[in-house]
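# below is the sequence, then the predicted model.
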Amino acid sequence: MLDLDLGHIPAPPVKKDFAIGVIGAGFIVKDIQLVAYRQAGYNVQAIASDVPENSRAVAAAHGIPKVYDTPADLLADKSIEILDIAVPPHAQLAILKDAVSHSGHLKGILAQKPLAMNYREAKQAAEMCSKAGIALAVNQNMRYDQSIRALKTVLDRGYLGEPVLATIEMRAIPHWQAWIREYGRLTMLVMSIHHLDTFRYLFGDPESVYVSARPDPRTAFPHRDGIVLYILEYANGLRAAAWDDVWTGPAREGAAPDNYIRWRVEGMDGMAQGTIGWPSYPNAEPSTIDFTTKLQPQCWFSPRWKEVWFPGAFAGTMGQLLQAVSDGAEPAIGARDNLHTMALVDACYKSLEEHRPVRITEILEES
């Protein structure tokens, strides 16, 4: 029989009591991260944001003992060992610059994805923290979705053999934050980055990417990359492709909705497919995996669990940073690796602009 313990939940950090300070008081902090941290037993000691009344409300809701009026005030607190930054990408680099000046007491930083607006800025952030001796991790939380971790285990154990084709199909309507309106970059920067990074997590770096996109009819502010289709080309012949459909038909204009995220991986020796539960949030719908393999012919395996991506995955993203700090090691979702995800995002935009396949090395060599 196959081992169906697929490691869908990462091991908790050995040391949980590092003092955490949070910069940001929006939805992802209030409703997701702090819920996950409380459930995991992490030690959140302080919070600050650009809107002090929001910080005070979040602190009261989650029992955080210290509230600072500004991020700078929090950074000056020498008792804080781990910094959790949850701000828009255009604001993240400036906070990281302030944080490195406090490297005497900061041991690690968890930054939101995308790490920056582009590869060049992300590289600057990674180099700053490395020089200051601060472990920098990027909150690529889809890597900690339970079905994706289970799929990674299935691949690593060889149940599927050599991967041939991988796909992700997203039919879901995001809530576009107000700060996105000024970017000129939409779906690929803040949504597709999940799928691009997940493909990298599962299969490594592709050689090139080809993108086709059109505006989303529902999104009123100017943008070019609304509905996005892209193909990643790997040197060994693997093709990984995604449809990131943020329109999904007129589901908010009178038609019945049919929203979902599905993935599928076909290999020489087996096939796996699954769903991502996130589109059902705030309903707690677990992600799923089903797979079949020549190692046990004519059988489908369907392990199930009760945990969900939101908020469960966020205990994993912070937990791997706490473990890395304890070990003096590079975080599992460290910034140096994430630079290749940011380069892939930039390559997607270059492909869209120039209507051609773009090699990832083109972005790496430009910066």
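Done, it's in.

# residues near G254, how many?
6 (other C-beta atoms under 10 Å). All C-beta atoms are positioned from the backbone trio N, CA, C, and that covers glycine.

# A61 too?
Counted with other C-beta under 10 Å, A61 comes out at 12.

# for S101, same thing?
Quick note: S101 (other C-beta under 10 Å) scores 12 neighbours.

# per-residue pLDDT of it, please?
With respect to pLDDT, S101 scores 88.

# so how far is T70 from it?
Per C-beta to C-beta, to the nearest Å, S101 is found 15 Å from T70.

# residue nearest the centroid of this structure?
By C-alpha atoms, centre = their mean, the chain has its centre lying nearest to Q140, at 2.3 Å.

# tell me how far that residue lies from E127.
Using C-beta to C-beta, Q140 is found at 19 Å from E127.

# helix or strand: which one has R218?
Under the criterion DSSP states H and E, no helix or strand holds R218.

# tell me the pLDDT of it.
pLDDT recorded at R218 is 96.

# where along the stretch 251-367 of the chain do the strands fall?
Under the criterion DSSP state E, counting those that start in this stretch, strands of the stretch 251-367 of the chain are mapped to 260-267, 270-275, 288-293, 358-359.

# okay, and the beta partners of A135?
Under DSSP bridges, the beta-bridge partners of A135 are G108.

# quick check: it vs A329, distance?
8 Å.

# tell me which of those two has more neighbours.
Taking other C-beta under 10 Å, A135 and A329 do not tie; A135 has more neighbours (23 against 12).

# the more buried one contacts I109, correct?
Yes. A135 lies in contact with I109 (C-beta atoms under 8 Å); the separation is 7.2 Å.

# and for those two, which residues touch both?
The overlap between the contact sets of A135 and I109 (C-beta atoms under 8 Å, 6 or more residues apart in numbering) consists of C129, L321.

# can you pull out the helices in the stretch 51-200 of the chain?
Secondary structure of the stretch 51-200 of the chain (DSSP state H, counting those that start in this stretch): helices at 52-62, 71-75, 89-100, 119-132, 146-156, 187, 193-203.

# run through the stretch 1-150 of the chain and note the low-pLDDT ranges.
Filtered on pLDDT under 70, the stretch 1-150 of the chain yields no residues whatsoever.

# circling back to that earlier point, which of the helices of the stretch 51-200 of the chain sits closest to L4?
Closest of those to L4 is helix 146-156, at 9.2 Å (criterion: C-beta to C-beta).

# could you dump the helices of the stretch 51-200 of the chain to JSON lines with distance to G7?
Below are the helices of the stretch 51-200 of the chain laid out as JSON lines (distance: least, C-beta to C-beta, whole Å):
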{"stretch": "helix 52-62", "distance to G7": "29"}
{"stretch": "helix 71-75", "distance to G7": "35"}
{"stretch": "helix 89-100", "distance to G7": "30"}
{"stretch": "helix 119-132", "distance to G7": "28"}
{"stretch": "helix 146-156", "distance to G7": "5"}
{"stretch": "helix 187", "distance to G7": "31"}
{"stretch": "helix 193-203", "distance to G7": "14"}
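
# reformat the strands of the stretch 251-367 of the chain into TSV and put distance to E233, mean pLDDT and mean neighbour count next to each item.
Output for the strands of the stretch 251-367 of the chain, formatted as TSV (distance: least, C-beta to C-beta, whole Å; pLDDT from 0 to 100; neighbours: other C-beta atoms under 10 Å):
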stretch	distance to E233	mean pLDDT	mean neighbour count
strand 260-267	16	98	20
strand 270-275	21	98	20
strand 288-293	25	98	21
strand 358-359	9	98	18
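
# looking at these, spot the one closest to A46.
strand 260-267 (34.8 Å).

# residues touching that closest one, excluding its own?
Contacts for strand 260-267 (C-beta under 8 Å, 6+ apart): 147-148, 151, 155, 160-172, 202, 271-276, 278-279.

# repeat that for 7 Å
151, 160-172, 271-276, 278-279 (C-beta atoms under 7 Å, 6 or more residues apart in numbering).

# swap in stretch 152-167?
2, 6-7, 199, 201-203, 238-242, 263-272, 291, 293, 295.

# which residues outside the one helix or strand Q39 maps to are in contact with it?
Remark: Q39 resides in helix 34-40, with elements defined by DSSP H and E. Contact partners of helix 34-40, identified using C-beta under 7 Å, 6+ apart, comprise P12, V44, H62, P311, G312, F314, A315, M318, G319.

# which positions in stretch 224-233 come out as buried?
R224, D225, G226, I227, V228, Y230, I231, L232, E233 (16 or more other C-beta atoms under 10 Å).
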